[in-house]
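Asks: just coords:
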């Protein structure tokens, strides 16, 4: 599949997700010992971001902020593709699968995985911990190898989600949790890690990355969304 060559993550709280992502991306690229011009793909995944309902392509802002191949288009110009994926807290694994599928067909064989969550509007309750994670992904090299991503929708319940809508009274977007779920707490053992079902995507990926040091076999990372669906990424060291 693909290899995670380097990564950076931080808790951002109420800090700006965009600025945090650019800062971490530059550090991760330097750590991977490649140049920004080697990046051919940027995929962003997350649950919430600022102006979520009106701004559907956060990855393109990262693309522009890093100024990767932002030139006039011609038959000879280099390219960098950028787009978002959104699948609740399972977004990191969906983004990784998208990179694994697309990267082999691109000229530039490195990708940026960007995961982060920002408070989407001041008019919503915010009892989450926000994290930003950026990783450089390649087709080969030294790092942990993504072997597979599996999906399980058998426990999915559409009534246990978070809805967003435009509130005419305040003339702004609002978000509300739907349904009272039984919270699934984190589970960690030698070759398996699964986070709390109330975590957002950035924290899921951040907490997983804290556990990879010292591993020398395989490690399964399971993300269970509050809707009940889950994804499991299998990594090899």
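Replies: On my side now, so go ahead. This one's a predicted model, so the numbers in the text were calculated from it and none came from an experiment.

Asks: make it CA atoms for all contacts and neighbour counts henceforth
Replies: Noted.

Asks: hey, where'd the helices end up in the chain?
Replies: With DSSP state H applied, the chain shows helices at 17-31, 58-66, 91-102, 201-209, listed in chain order.

Asks: Turn the ones you listed into CSV, columns for distance to residue 224.
Replies: Supplementary listing: the helices of the chain in CSV, determined by distance: least, C-alpha to C-alpha, whole Å:
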stretch, distance to residue 224
helix 17-31, 23
helix 58-66, 24
helix 91-102, 11
helix 201-209, 9
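
Asks: Let's have those in JSON lines, adding mean neighbour count, mean pLDDT and distance to residue 82.
Replies: Putting the helices of the chain into JSON lines (neighbours: other C-alpha atoms under 10 Å; pLDDT from 0 to 100; distance: least, C-alpha to C-alpha, whole Å) gives the following:
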{"stretch": "helix 17-31", "mean neighbour count": "19", "mean pLDDT": "95", "distance to residue 82": "14"}
{"stretch": "helix 58-66", "mean neighbour count": "19", "mean pLDDT": "90", "distance to residue 82": "5"}
{"stretch": "helix 91-102", "mean neighbour count": "22", "mean pLDDT": "97", "distance to residue 82": "11"}
{"stretch": "helix 201-209", "mean neighbour count": "23", "mean pLDDT": "96", "distance to residue 82": "19"}
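
Asks: Out of those helices, which gets nearest to residue 237?
Replies: Evaluated with C-alpha to C-alpha, the helices of the chain place helix 201-209 nearest to residue 237, the distance being 12.8 Å.

Asks: Tell me which residues are up against that closest one.
Replies: When contacts are taken as C-alpha atoms under 8 Å, 6 or more residues apart in numbering, the neighbours of helix 201-209 outside the stretch itself are 9-10, 45-47, 88-92, 115-117, 129-133, 193, 195, 221, 223.

Asks: Can you say which of those residues are buried?
Replies: With neighbours counted by 16 or more other C-alpha atoms under 10 Å, the contacts of helix 201-209 contain buried members at 9-10, 45-47, 88-92, 115-117, 129-133, 193, 195, 221, 223.

Asks: Show me those that map onto strands.
Replies: Of those, the ones assigned to strands by DSSP state E are 9, 10, 45, 115, 116, 131, 132, 133, 193, 221, 223.

Asks: Specify which member of those residues is nearest to residue 98.
Replies: Ranking those by separation from residue 98, with C-alpha to C-alpha as the measure, puts residue 45 on top at 10.6 Å.

Asks: wait, isn't that closest one in contact with residue 112?
Replies: No. Between residue 45 and residue 112 there is no contact, the gap being 11.1 Å when judged by C-alpha atoms under 8 Å.

Asks: Now do the contacts for residue 39.
Replies: Residues touching residue 39, when contacts are defined by C-alpha under 8 Å, 6+ apart, comprise 68, 80, 108, 109, 110, 111, 112.

Asks: now residue 196: how far from residue 204?
Replies: As for residue 196, its distance to residue 204 is 8 Å (criterion: C-alpha to C-alpha, to the nearest Å).
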